[in-house]
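> Predicted model and sequence follow; I will ask about them next.
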Amino acid sequence: MLGKSQFDDLFEKMSRKVAGHTSRRGFIGRVGTAVAGVALVPLLPVDRRGRVSRANAAEGAGDPRGKWTPQDHDVQACDYWRHCSIDGNICDCSGGSLTNCPPGTKLASSSWVASCYNPTDKQSYLISYRDCCGANMSTRCSCLNTEGELPVYRPEFGNDIIWCFGAEDDAMTYHCTISPIVGKAG
């Protein structure tokens, strides 16, 4: 085992060798690039698709994931099929719709995606949940659905993040969430 002075000598030798082959400006530039790249990661779209079982969907036995029973007639209810992974307020209850933000709010640039089962046509669809921001939070139609959600160490499958940090101007206040269809899942 190396003694303290031997360890210090070895570390000093390695440090001097690295310092002799690199410049401070180059090192600071690489660190700055890494920090800027990490800061842009939250702006990327997040895929929150649940795991859809095609075999169960083909049988048409309700929701193929078995935990959540969706309905398709009341868009303002938490069990409406498009709201399978919504954590927030439904915009349809506060002057918006399933696809449009209410007046006075702005659409956040980021979103999360979940796979929701439509009981009418027995198909699963990708739903892009997008937050509407800039007005005080709506208190109507608050839902906490966790279909397909995983723990916080997998943020792409967690619906607890407020996505208003990507909204224009100072529209950082969460108001409600829209749930447009992206396409068929699977």
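Arrived safely.
> switch to C-alpha atoms for all contacts and neighbour counts from now on
Will do.
> Could you say whether residue 98 sits in a helix, a strand or coil?
coil (DSSP: H, G, I helix; E, B strand; the rest coil).
> That one reaches residue 176, doesn't it?
No: counting by Cα atoms under 8 Å, residue 176 is not a contact partner of residue 98; they are 10.6 Å apart.
> Compare neighbour counts for these two and give me the winner.
Taking other Cα atoms under 10 Å, residue 98 and residue 176 do not tie; residue 176 has more neighbours (31 against 19).
> This structure - how does it break down into domains?
4-40, 45-184 (automatic domain parsing).
> Next, format those as TSV and append mean pLDDT.
Converted to TSV, the domains of the chain look like this (pLDDT from 0 to 100):
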stretch	mean pLDDT
domain 4-40	82
domain 45-184	75
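> Buried deepest among those domains, which one?
Highest mean neighbour count among these (mean count of other Cα atoms under 10 Å): domain 45-184, with a mean of 20.
> which neighbours do residue 98 and residue 176 share?
Taking Cα atoms under 8 Å, 6 or more residues apart in numbering as the criterion, residue 98 and residue 176 both touch 90-91.
> do you know how far residue 91 is from residue 85?
15 Å (Cα to Cα, to the nearest Å).
> Show me where this structure has its strands.
Assigned by DSSP state E, the chain shows strands spanning 87-89, 106-107, 112-118, 123-133, 142-144, 174-178, 181-184.
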